[in-house]
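1. Next comes the sequence, and after it the predicted model I'd like to discuss.
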Amino acid sequence: MQTLQLTTHISQNAQLHLTLPPEYANQEVELVVIIQPSPNTREKQNWLAFINQTYGCLADDPIDRPPQPALNEIEAIL
């Protein structure tokens, strides 16, 4: 038994195209597929879930910015 680890993209229609090394040509093999989202995908999903949970949480308590004091003139850095 040999383990091959590949990173690939599953198309929008849920089809996976798999090309194996030539040593497997013209023979029967048992194939086990384990699907695990890539870490970037999980991070993105977690971030989107966080945004969806917190979006609009301050809608009833808006943040006001009070008037700012005038800035003093600062000499240019040469």
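-> That came through fine.

2. give the contact list for L18.
-> L6, T8 (CB atoms under 8 Å, 6 or more residues apart in numbering). Heads up, the C-betas are built off the backbone N, CA and C, glycines and all.

3. now the end-to-end length of stretch 49-63.
-> Distance across stretch 49-63, first residue to last, is 23 Å (CA to CA, to the nearest Å).

4. ugh, wrong one, stretch 13-21
-> 25 Å.

5. and that stretch, what's its mean pLDDT?
-> The average of the pLDDT scores along stretch 13-21 is 86.

6. Roughly how far does R65 sit from I10?
-> 46 Å (CB to CB, to the nearest Å).

7. of these two, who's got more company?
-> I10 (10 against 5; other CB atoms under 10 Å).

8. how close does that one sit to C57?
-> Taking CB to CB as the measure, I10 falls 34 Å from C57.

9. Please identify which helix or strand holds I51.
-> Using DSSP states H and E, I51 maps to helix 39-54.

10. Tell me the spacing between the closest residue to P37 other than its chain neighbours and L78.
-> Using CB to CB, 6 or more residues apart in numbering and skipping residues adjacent in sequence, the residue nearest P37 is Q45, 7.5 Å away. Separation of Q45 from L78 (CB to CB) stands at 49 Å.

11. And D64, by the same measure?
-> Distance from D64 to L78, counting by CB to CB: 39 Å.

12. Same check on C57?
-> For C57 relative to L78 (CB to CB), the value is 46 Å.

13. Between the two, which has more neighbouring residues?
-> Between C57 and L78, counting by other CB under 10 Å, C57 is the more crowded of the two (8 against 3).

14. mind checking the SS state of the more buried one?
-> State at C57, reduced to three classes by DSSP: H, G, I helix; E, B strand; the rest coil: coil.

15. what do you get for the one 4 residues further on?
-> When states are read from three-state DSSP, the local structure at D61 comes out as coil.

16. Pull the contacting residues for it.
-> Applying CB under 8 Å, 6+ apart, no residues qualify as near D61.

17. Kindly report the same for S38.
-> T7 are the contacts of S38 under CB under 8 Å, 6+ apart.
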